[in-house]
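1. Have a look at this prediction, sequence included:
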Amino acid sequence: MKRILNKPENYADETLKGIYKAHSDMVTYVNDDLRCYVKKDIKPGRVGIATGGGSGHLPVFLGYVGEGMIDGCSVGGVFQSPSANQMFEVTKAINAGAGVLYIYGNYTGDIMNFDMAAEMADMESDIRVESVVGADDVASAKKGEEHKRRGVAGIFYMFKIAGAAADEMMDLDNVKRVAEKVGANVRTMGVALSPCIIPEIGKANFTVEDGMMELGMGIHGEPGIDKGPLKTANEIVEIMLDNILGDNPLKAGDEVSVLVNSLGGTPKEELYIMYNKVEETLTNLGIKVVKTYLGEFATSMEMVGASLTILKLDEETKRLLLKPAHTPFFSQK
Amino acid sequence: MKRILNKPENYADETLKGIYKAHSDMVTYVNDDLRCYVKKDIKPGRVGIATGGGSGHLPVFLGYVGEGMIDGCSVGGVFQSPSANQMFEVTKAINAGAGVLYIYGNYTGDIMNFDMAAEMADMESDIRVESVVGADDVASAKKGEEHKRRGVAGIFYMFKIAGAAADEMMDLDNVKRVAEKVGANVRTMGVALSPCIIPEIGKANFTVEDGMMELGMGIHGEPGIDKGPLKTANEIVEIMLDNILGDNPLKAGDEVSVLVNSLGGTPKEELYIMYNKVEETLTNLGIKVVKTYLGEFATSMEMVGASLTILKLDEETKRLLLKPAHTPFFSQK
Amino acid sequence: MQINREHINRIFITLGDIMVENKNYLTELDAAIGDGDLGLTMSKGFSELASIVTNIHEEDLGKLLFKLGSNLANTVPSTMGTLMASGLMKAGKALKGNNSFNDEEMAAFFDNFVIGVMERGKGKPGDKTVIDSLYPASESLKESVLEGKDLRLSINEAYKASVDGLESTINMASTHGKAAVFQEKSVGKQDPGATVGKLFIEGFYKVIANL
Amino acid sequence: MQINREHINRIFITLGDIMVENKNYLTELDAAIGDGDLGLTMSKGFSELASIVTNIHEEDLGKLLFKLGSNLANTVPSTMGTLMASGLMKAGKALKGNNSFNDEEMAAFFDNFVIGVMERGKGKPGDKTVIDSLYPASESLKESVLEGKDLRLSINEAYKASVDGLESTINMASTHGKAAVFQEKSVGKQDPGATVGKLFIEGFYKVIANL
Ligand SMILES: Nc1ncnc2c1ncn2[C@@H]1O[C@H](COP(=O)(O)OP(=O)(O)O)[C@@H](O)[C@H]1O
Ligand SMILES: Nc1ncnc2c1ncn2[C@@H]1O[C@H](COP(=O)(O)OP(=O)(O)O)[C@@H](O)[C@H]1O
Ligand SMILES: [Mg+2]
Ligand SMILES: [Mg+2]
Ligand SMILES: [Mg+2]
Ligand SMILES: [Mg+2]
């Protein structure tokens, strides 16, 4: 294990301590619990947006808490859901009178805990809560079974666009509507070239041999759709685009945003090599890329690999996407 | 080799093509040469700042071309200097009448080429050029031999602060003075846990075994000062701080900026675990951290490891550091 | 027969022991078709309940169970932690106001526990989950109590039903949770969560059968 | 003796061959105390010069050498590429206006070449660099020419001086470039750049000695 750490069991909490020290101007925690992460400056009357999930995916999830995006995040252990109670504490802290929207990834543990938290918010604090799950990974379930899909990097667009909607003082129903619209129009496909290691476990619980790749592997190492020898960047991009556009067809004149995301170990250089092919293909199809994001947006610690996300835009989502945002991990002018 | 690429020999150029496609609003190239990278919008009368160096270190070097930072960058092959002629072309393109400052890393190949470019600028275009080299790596030469030190992540501060000085319309001498002041006050130390692979070579030309680390290793794999079993994050930080503060002592009341940089393969979580210890130690010494940066600022592709940079601030450098900046790879409000 | 506070304490202390004893076994089962954390979460969650149960000042057994459920949810917010917590909380709410449970109330406990699990996880019998060992046990108990059997005998039969239910998961294909991606490949493997369900019934059986 | 354009062409074609033949050898030397790219850069840079030299329409040998230097600098902007380029450009500037070189001018070529290398790299003899094979050769040639020796003999002696100079680098410690970090550890290893310097002299020697 090639990792810089102290006690593996303190991985998540020491990360959090470092984050609070580095970004004390913007974020803090509530209920004396490092794992109840909230924005310092909550705008009265604005719909609150909360997320949550396991550690080990920075900047997902807490990295999108900040101006123009989301307001709070409950933080679990590495690849573990936080508890319903932590979610509830965050919910109370960020509720500014207009209700709270939960946006989180489509994983059983998280769903059950967020559902429980929503019940607590309703029963104990009369806070109206709505939920939208991110389920953008086309490789994780076939068409017609979209509700079974895992949430991966595409959730970034939900945070960005729902956050901008809340900033426009849309009400909870509308912020939810916008988040759902993003969900319906965003697709991601990933490729993994190496596993990652959960610090407390100390060894990978799956393998991808040198010179091999697994297309569609999940960010926790969930099995993908094709394991085989490593292809070229252009071939990988073609397969990804085939799957994404096969699932959510685009036509000439459509406008999209593209996100090329590193799973952690893949350097930026390679994301740009991929993007070179993505842009070429989309341009040939007459599709316009309105906004491009490249870098680490949803990772699995040191996992080598990348994912491609395409969001089909309409006037509303485009306007909201292009608004400024500013968090400790993401900044857009 | 766990890499997403097409032909290894096209690594640098395909990366550049992707970058121009993704960021065509901000950057372009001159002389029909992808490797002569310049900011689109050159401000008349402002001192131009150029850098240059090998590929494989994103966001170093070209990533800092943009608003509030630098204006142009000549780009070499992976870990190779660009040519003097490319530097000269960039120099001509960014000169806005106030001369050009070269800021680049202290490596023989780059020095010789930038010197040659400066001669060309003087002889062929009457452009006044001054140069400052980044030589912040304390592990690369002992005290008294600072001029032999390698330039690593600390060059980010030179770009940021000199860029802000140029934006204030300081003249060439003053922009150079400020860059030199940063150079005199910035120290970095790194640790490597794995090698990186130059795509065209296809195998690492040095090794760091699993469970081992090399303190002070350079970003091209230059030998460090201590090879041994991997220590804890806290121990590594202590050694780094000992070396940095031993070289450039700080006292209670001093103000600094801290940069915890991933060499590529080390995830953000671990940078925060390191920062948790950095901040604790500095706070105990009565030193105030005015601004913290964490993430990928100077990498060696997929190399696992991290570096710690500390910049001692004065009123002028602090003011300039805190000014906004915005490039495709770096954004500060 | 009346199940009182002291019995409940013993049941949760027994459950703590059982989950710790089965830690490695659960881990192995979960590693085969999941992420391998089940031994860790169940032993951690139920030992915590065992260690706090005697110190909770609460006469109302419904409220006690609800508190134990909340605690479990906080300690181990994994799928099974949350499901077992939801079962305890649902049953606790349903049985609020009772300082002891008669046979019907014990049947109601299990009935509501299973409903809590099903509501929380949106699962049903046959999905290859914890429900497949809990549901048959609860149905068996309900019937035995209706027939007026002695609770000691009823819980014995319920336990047997959970063992059979667990066995039946071997031939099922997973549709929920991390195992769902394995689908057909999960056939032939015993469901880890259903194993926890059987162990949970076992804890009640061990205490009640010996009263 | 007069070195004319045709001779210069042959020299650069010969240099191209020599660097290609020694590609692996240079790579190995550079891998031991540097980054291992020297074989690649020198073979690439000098074959390029070999392939263009005959097509350059330029009577003035000074300007020709300057152009070859510029080309080398563009093709291989590595340390040695830039140093050799600087040598050619410096010598070209110094010899501007000559359509052929007499013995004194050949001595001036090497003298200025070495000065160009020293100015660019801020190195001096004894630093374990290319200078350690170039400088003794240049000094030897200067002296021989002063003594009025035949250029064929002089260049032979200069070549021998470069061989000795190269050999002397084995016992030196590196102070420049990537090898500098090895310092004492570089002692015992022949300097890769000095090897290029010796091969460079060899190219001139091979052509001129056979005139
Ligand atoms: N929706 C569901 N309803 C009921 N039980 C479920 C559901 N999803 C998963 N399970 C059960 O959870 C078990 C795995 O539990 P656990 O290891 O805690 O999951 P995870 O590690 O994914 O959080 C499965 O064997 C299955 O019995
Ligand atoms: N400052 C210098 N002056 C003269 N020669 C130098 C200098 N620095 C390095 N060299 C020579 O350069 C050689 C290495 O060349 P090269 O492989 O091109 O370097 P790099 O790969 O570091 O760019 C060394 O063996 C040495 O002879
Ligand atoms: Mg599990
Ligand atoms: Mg789990
Ligand atoms: Mg070299
Ligand atoms: Mg080199």
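-> That came in fine, so what should we check first? Ligands and ions are numbered 1, 2, ... in the order given.
2. Give me the phi and psi for residue A:259.
-> Main-chain torsions, residue A:259, degrees, to the nearest 10: phi -120, psi 120.
3. Over to the one 4 residues further on?
-> When read as degrees, to the nearest 10, the backbone of residue A:263 gives phi -80, psi 0.
4. neighbours of it, just the number please.
-> Residue A:263 is flanked by 29 other residues according to other C-beta atoms under 10 Å in any protein chain shown. Where you see a C-beta, it was placed from the backbone N, CA and C, and this is true even at glycine.
5. residues near the spatially closest residue to residue C:96 that is not a sequence neighbour, how many?
-> Leaving aside its sequence neighbours, residue C:96 sits nearest to residue C:62 (C-beta to C-beta, 6 or more residues apart in numbering or on different chains; 3.5 Å). Residue C:62: 21 surrounding residues under other C-beta under 10 Å.
6. What is the host helix or strand of residue A:240 packed up against?
-> Of the helices and strands defined by DSSP states H and E, residue A:240 is found in helix A:233-247. On a contact count with 3 or more C-beta pairs under 8 Å, 6 or more residues apart in numbering or on different chains; DSSP states H and E, helix A:233-247 meets strand A:186-192, strand A:212-215, helix A:268-284, strand A:305-312.
7. out of the ones you listed, nearest to chain D?
-> Among those, helix A:268-284 comes nearest to chain D, with 18.6 Å by C-beta to the nearest C-beta.
8. List the contacts of residue 170.
-> Using chain A. A:47, A:178 (C-beta atoms under 8 Å, 6 or more residues apart in numbering or on different chains).
9. you looked at the wrong chain, it should be chain C
-> Neighbouring residues of residue C:170 by C-beta under 8 Å, 6+ apart: C:187-190.
10. repeat that for 10 Å
-> Going by C-beta atoms under 10 Å, 6 or more residues apart in numbering or on different chains, residue C:170 touches C:128, C:186-191, C:194.
11. Please apply the same query to residue A:126.
-> residue A:95.
12. Return the per-residue confidence for it.
-> Looking at residue A:126, its pLDDT reads 95.
13. Need phi/psi at the residue nearest to residue C:96.
-> Backbone geometry at residue C:62, expressed as degrees, to the nearest 10, gives phi -60, psi -50.
14. Now do it against residue A:220, distance only.
-> 37 Å (C-beta to C-beta, to the nearest Å).
15. just residue C:133 next, same as before
-> Taken as C-beta to C-beta, the span from residue C:133 to residue A:220 is 26 Å.
16. what about these two, which has more around it?
-> residue C:133 (32 against 20).
17. residue contacts, that one?
-> Applying C-beta under 10 Å, 6+ apart, the residues near residue C:133 are C:125, C:159, C:161-169, C:190-191, C:193-202.
18. give me the element whichever residue of chain C sits closest to ligand 2 is part of.
-> Chain C approaches ligand 2 most closely through residue C:35 (47.0 Å), counting by C-beta to the nearest ligand atom. Secondary structure from DSSP H and E places residue C:35 outside every helix and strand.
19. and whichever residue of the stretch 1-150 of chain A sits closest to ligand 2, how many neighbours does it have?
-> At 27.2 Å from ligand 2, residue A:2 is the closest residue in the stretch 1-150 of chain A, using C-beta to the nearest ligand atom. As a burial measure, residue A:2 scores 19 neighbours (other C-beta under 10 Å).
20. per-domain residue ranges of chain A.
-> A:8-184, A:186-321 (automatic domain parsing).
21. May I see those domains organised as TSV, with distance to residue B:261 added?
-> Output for the domains of chain A, formatted as TSV (distance: least, C-beta to C-beta, whole Å):
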stretch	distance to residue B:261
domain A:8-184	13
domain A:186-321	13
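22. Which stretch among those is buried most, on average?
-> domain A:8-184 (a mean of 22; mean count of other C-beta atoms under 10 Å in any protein chain shown).
23. any idea whether the residue of the stretch 1-150 of chain A closest to ligand 2 is helix, strand or coil?
-> Put simply, residue A:2 is coil when judged by DSSP: H, G, I helix; E, B strand; the rest coil.
24. same check, this time on residue A:224
-> What three-state DSSP gives for residue A:224 is coil.
25. Good, we can wrap up now.
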